[in-house]
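Peer 1: Test case, fold it:
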Amino acid sequence: MIIGLHAKWLRKFFILYIAFMFCFSSALFFPAQIKAETPSLGKYEKTSEPITINADTLEYDRGKDIYLANGHVEIIQGKIRLTADEVIVDNKTGDISASGNVVFIDEEDRLTCESINLNMNTKVGVIHNGRLFIKNGNYHIEGNEFRKISEDTYKIDKGSLTTCDTPIPDWRFRGSDVKITPDEYLTAWNVFFYIKGIPVLYSPYIVLPIKTKRQTGFLIPTVGYNTMDGFKIKEAFFWAIADNVDATIYSDYRSEKGLGTELEFRYILDPYSKGSLSTNYINEWLTGREKWEGRYLIEHGFTERLNAKANINFVSDKDYYKDYSETIRERIQRSIDSNIWITQNWPSSSLYLWTQYTKDLTKANDETVQRLPELGYKIVENRLYELPVFYSLNSSATNFWRETGKTGQRIDINPKLKGEINFLRAFTFSPRGELRETFYSRSKDTEESTNRFLYGMGAGLSTKINSIFNTEGFGPIDRMKHSIEPEIDYEYIPDVDQKNLPQFDAVDNIARKSAVAYTLTNRFSARYTKGGEVKKHEFLTLRLSQSYDINEENRYYNLTMPKRPFSDIRGELNIKSEQMINLFIDSKYNPYTGYLAELNSDLRFQIGRFWYLTAGERYTKEPRIEFLTGGMGFSLPFGVDVSGSVWYDIYLERVREQSYTLKYASQCWSVGVVYSNRLNIVDKIERNIDQILFTIELKGIGAVKLY
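Peer 2: Sure, this is the predicted structure:
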C-alpha cells in the first residue's frame, strides 16, 4: 500500500513537472502580449531639421557637399545625437557612415556599436555589432548586424534579448534570423533561453508581440493540483476582434470534476455604451451534472438622457459559488440579483422601467418574489420658487410574480414636502410631511383589490459649533478644526391596519412610529501645506446616535414583557490618515442587556509601500455571525516580500480561510509561492481544500503560474 501511495504521488509529481515545463516554455517562447512597446529603427518620419557637426578636424568637399570628420565627432539633429571617432556625412542626402566607439542616442533610447551606416532623415541603415537599449520596457537587444530588409521589417542575423541591466544578465533569449516588424512581432529561429549564461531551454522558433496594443493569441496557461479539483489546466485564447471589441475563450480541465468552457466578450461603442458578457459552462462527467454561470453587464446610452443598463447574474444551482468561486464574498452570499433598467432623465425628475429577478442560494427559489417589471417616476428634491420649501415624489407601479405563492400588482404614490428654516444664524429647523397612497390588485386572502392610505410627518433641529485652533510651529499643519454637530429629529406615522395587504416587500408593512432620534457628531480636520498647495483633510469622525420609541413607552398590552423604548446605541468611528492609519468601527450597544448587538471593524496600518497590518471583526448577535479577519505584509532585505491573511470563524472555532505569500523580486525577474487553505462547507459536509501557487515572472515578457 505504501509503495502504491508513493507511486501515486510520483505520477502526480511527474504530471506537474511535465505541465510546468510545457507552460514555462510556452510562456517564454509564445506569450500573447508584452506590456512594453519595442520601438523600431524606422519609427520617425522624414525630417528636414538642420544637422550640426563638431569634431577635432573637419574637411568639406564643396563639389560633392560631403563632410569628413575625425576625432571626438558629435553630430546633432533635433533630439538625435551621434558620437564616433570618424564620420562621413553626405549633406545632400543625409547619409552618414560612422565608425569607432559609435553611440547613437534618440531621446531615452541608446545604441552603441562598432560602425553604422545611417540616413539621419529616415533613420534607415545598417548597424554592425550593436547593443540597443530601449527605455520603455528596459529592453536590451544585441546583434551582430541590424539591417532593414523590407519597408517595415528589420533583421538581426544573430541576436539576444533581455530586460536585465547587469553585464551578465540573469536571463536572456539568444537566437538567429531575428526579425522585427514595428508595432507587431519579433520572431527568431533556434532560440535558447539562458540563465546566467547557461542555456536551459530550447525552442526552434519564438514569437513575441512588440507593441502595447491588444494582440490576438494564446495567453499564458495555468496548471496545478488541489485536493478538491485534482489536476487542473486552464488555457485561454484572446481575440482582438477590433479596436473596441475583443473576446477571450477558456478551456478549463479539472481531473476530479470535468471539463469547463468559458467565453468572455467585451465591447465599447462610446463612453456611454459598453458591455461585458461572460458565460462559463462545466460538465462534471464524474457526477453527471452540468453547471453554468452567466454574468452580463451592458450599458447603452440612446441619448444624453435616455439610457439602459442590464446587470444579469445567474447560476445553474445554489452551490455553484461554493464549488468554484475563489472569493469569500461570493461563497457566503445568500442570493444573487439580476436587474434591467431603462431610464429617462430630466433635470429634476426621472422615469424608469425596472425588472429584477432574484435567485435564492439557500433554498428552493419558487417562493422568491420577483419584480417583473416595475415602472416608476421620481422627482428629486426641488425648491418651490424662492421659498424655503422643497418637494419630491416617489411613485411606482409594480408587478410581483413568483412560481409558488401569491402574485399581484401594486401602485405606490408617495409625495413629500420639507421646509428648511434658519434662525439665530445658528440653528436649522426642518419640518416635513408626506402622504402615501398604495393600491393593490388583490388582498392577502382574496382576489379583491384593496388599498392603504397613510401619512407621516416629522421635524428636525440641528446646529453646528466650530472651534479653530492655530497650530503653527507644529510641523506642516497650521490649522485644526473641531466641529460638533448635535441633531434631534422626531418622526410620526399613524397606526394603519395592514393585515389585509399582500406581503411582497417592506413597503407593504410600514409600522406605526412615534420616535425621537438624536445624534451627536464630532469632526476633526486639519489644514496643511504640501508641495506648495494648501490642503484640508478630515482625519477623525465620531458619531453617536440613538432613538426613543414613544409608542413603546405608552404600550398598554403585553405588559408582562418589559418596556424597552430606547433603541441600541450606535457608535461610529472613522480615522483616516493620508498614509499610515485607517480605522473604521461601527457598533450597536443594547442598553438593556449590557451587551453588544453588532460590531463591524476594519483597521489598516501601513508604513511606506510594503509594510502593512490589517485586522477586522464581524459580529452580529441575532442571527449569530462572528468572525475575525487579519492580514500582514512586510518587505525584507534583498527584495523579499512576505504577506498573509486569515479568516477565523469564532462561532465554529475554525480557521475558514488562510493564505500566505513569499515573493522574491530581482531587477528583471521575480519568483513567488502562495499557500492557501480554506474550509469548504456544502450541505453541512466539511472539506479542507489546500492549494499552492507558484509564479515566475520575467519582466517585460510575462508570468508563468503553477498551482
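
Peer 1: Relative to residue 107, how far out is residue 432?
Peer 2: Counting by Cβ to Cβ, to the nearest Å, the separation of residue 432 from residue 107 is 64 Å. Heads up, the C-betas are built off the backbone N, CA and C, glycines and all.

Peer 1: more neighbours, those two?
Peer 2: residue 432 (17 against 12; other Cβ atoms under 10 Å).

Peer 1: what bridges to residue 410?
Peer 2: In this entry, residue 410 is beta-bridged to residue 398, residue 440, by DSSP bridges.

Peer 1: which SS state does residue 499 fall under?
Peer 2: Secondary structure, DSSP: H, G, I helix; E, B strand; the rest coil: residue 499 is coil.

Peer 1: export stretch 93-102 as PDB, just CAs?
Peer 2: This file holds the C-alpha atoms of stretch 93-102, laid out as PDB (Å, rounded to 0.1, in the frame of the first residue of the first chain):
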ATOM      1  CA  THR A  93      21.100  63.000 -48.800                       C
ATOM      2  CA  GLY A  94      21.600  62.900 -45.000                       C
ATOM      3  CA  ASP A  95      23.600  59.700 -45.300                       C
ATOM      4  CA  ILE A  96      26.100  59.100 -42.500                       C
ATOM      5  CA  SER A  97      28.800  56.500 -42.100                       C
ATOM      6  CA  ALA A  98      30.300  56.300 -38.600                       C
ATOM      7  CA  SER A  99      32.900  54.100 -37.100                       C
ATOM      8  CA  GLY A 100      34.800  53.700 -33.800                       C
ATOM      9  CA  ASN A 101      33.100  53.900 -30.500                       C
ATOM     10  CA  VAL A 102      29.800  54.800 -32.100                       C
END
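
Peer 1: List the buried residues in it.
Peer 2: Buried residues in stretch 93-102, counted by 16 or more other Cβ atoms under 10 Å: 94-99, 102.

Peer 1: average model confidence for that stretch?
Peer 2: Averaged across stretch 93-102, pLDDT comes to 89.

Peer 1: same question, stretch 388-408
Peer 2: pLDDT averaged over stretch 388-408 gives 95.

Peer 1: in the protein, which ranges drop under the pLDDT threshold?
Peer 2: Within the chain, the set of residues satisfying pLDDT under 70 comprises 1-48, 120, 123, 149-152, 182-184, 208-214, 220, 682-683, 702-707.

Peer 1: Now the residue sitting nearest the centre point of it: phi and psi?
Peer 2: Nearest to the mean C-alpha position of the chain, by Cα atoms, centre = their mean, lies residue 327 at 13.3 Å. Here is the backbone geometry of residue 327 (degrees, to the nearest 10): phi -110, psi 140.

Peer 1: one step back: show me the two of the buried residues of stretch 93-102 that sit farthest apart.
Peer 2: 94 and 99 (17.8 Å; Cβ to Cβ).

Peer 1: Which parts of the stretch 451-600 of the chain are helices?
Peer 2: For the stretch 451-600 of the chain, helices defined by DSSP state H, counting those that start in this stretch occupy the ranges 550-553.

Peer 1: Would you state the strands of it in chain order?
Peer 2: Assigned by DSSP state E, counting those that start in this stretch, the stretch 451-600 of the chain shows strands spanning 465-474, 477-493, 513-530, 533-549, 569-576, 581-589, 596-607.

Peer 1: Ok, which of the ones you listed comes nearest residue 169?
Peer 2: Among the strands of the stretch 451-600 of the chain, the nearest to residue 169 by Cβ to Cβ is strand 596-607 (33.3 Å).

Peer 1: Could you identify the helix or strand that succeeds the closest one?
Peer 2: Downstream of strand 596-607, the first helix or strand assigned by DSSP states H and E is strand 611-620.

Peer 1: Can you identify the element that follows that next one toward the C-terminus?
Peer 2: strand 625-636.

Peer 1: can you pull the buried residues of that following strand?
Peer 2: Here strand 625-636 shows 627-633, 635 as buried, counting by 16+ other Cβ under 10 Å.

Peer 1: Turn those residues into TSV, columns for distance to residue 314.
Peer 2: TSV is the format used below for those (distance: Cβ to Cβ, whole Å):
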residue	distance to residue 314
627	28
628	33
629	29
630	34
631	32
632	38
633	36
635	43
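
Peer 1: re the thing from before, could you provide the strands of the stretch 451-600 of the chain in a markdown table, with additional columns for mean neighbour count and distance to residue 83?
Peer 2: Formatted as a markdown table, the strands of the stretch 451-600 of the chain follow (neighbours: other Cβ atoms under 10 Å; distance: least, Cβ to Cβ, whole Å):
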| stretch | mean neighbour count | distance to residue 83 |
| --- | --- | --- |
| strand 465-474 | 10 | 54 |
| strand 477-493 | 16 | 52 |
| strand 513-530 | 16 | 42 |
| strand 533-549 | 15 | 42 |
| strand 569-576 | 16 | 54 |
| strand 581-589 | 16 | 53 |
| strand 596-607 | 16 | 46 |
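
Peer 1: Adding distance to residue 383 as columns, could you present those strands in a markdown table?
Peer 2: Listed next are the strands of the stretch 451-600 of the chain as a markdown table, based on distance: least, Cβ to Cβ, whole Å:
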| stretch | distance to residue 383 |
| --- | --- |
| strand 465-474 | 26 |
| strand 477-493 | 21 |
| strand 513-530 | 25 |
| strand 533-549 | 28 |
| strand 569-576 | 31 |
| strand 581-589 | 34 |
| strand 596-607 | 37 |
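
Peer 1: Those: which one's closest to residue 69?
Peer 2: Among the strands of the stretch 451-600 of the chain, the nearest to residue 69 by Cβ to Cβ is strand 533-549 (50.3 Å).

Peer 1: Show me what that closest one is packed against.
Peer 2: strand 513-530, strand 569-576 (3 or more Cβ pairs under 8 Å, 6 or more residues apart in numbering; DSSP states H and E).

Peer 1: Please tabulate those in JSON lines, including the columns distance to residue 369.
Peer 2: Shown next, in JSON lines, are the helices and strands packed on strand 533-549 (distance: least, Cβ to Cβ, whole Å):
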{"stretch": "strand 513-530", "distance to residue 369": "25"}
{"stretch": "strand 569-576", "distance to residue 369": "30"}
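
Peer 1: Residue 664: what's it in contact with?
Peer 2: 638-641, 670-672 (Cβ atoms under 8 Å, 6 or more residues apart in numbering).

Peer 1: same thing but 6 Å
Peer 2: 639-640, 671 (Cβ atoms under 6 Å, 6 or more residues apart in numbering).

Peer 1: Reformat these as CSV; add neighbour count.
Peer 2: CSV is the format used below for the contacts of residue 664 (neighbours: other Cβ atoms under 10 Å):
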residue, neighbour count
639, 12
640, 12
671, 14
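
Peer 1: Which members of the residues you listed are positioned in strands?
Peer 2: 640, 671 (DSSP state E).

Peer 1: Using TSV, lay out the contacts of residue 664 together with distance to residue 54.
Peer 2: Listed next are those as TSV, based on distance: Cβ to Cβ, whole Å:
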residue	distance to residue 54
639	43
640	49
671	48
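
Peer 1: quick check, nearest of the contacts of residue 664 to residue 662?
Peer 2: Closest to residue 662, out of all of those and judged by Cβ to Cβ, is residue 640, at 7.4 Å.

Peer 1: bridging residues for the closest one?
Peer 2: The partner residues for residue 640, given DSSP bridges, come to residue 636, residue 664.

Peer 1: One more: residue 60?
Peer 2: The partner residues for residue 60, given DSSP bridges, come to residue 67.

Peer 1: does it really touch residue 67, like I thought?
Peer 2: Yes: here residue 60 reaches residue 67: they are 5.5 Å apart, a contact under Cβ atoms under 6 Å.

Peer 1: of the two, who's got more company?
Peer 2: Per other Cβ under 10 Å, whichever of residue 60 and residue 67 has more neighbours is residue 67, with 20 against 14.

Peer 1: got a list of what the more buried one touches?
Peer 2: With contact set as Cβ under 6 Å, 6+ apart, residue 67 has these partners: 53, 60, 89.

Peer 1: One more: residue 301?
Peer 2: 272-273, 307 are the contacts of residue 301 under Cβ under 6 Å, 6+ apart.
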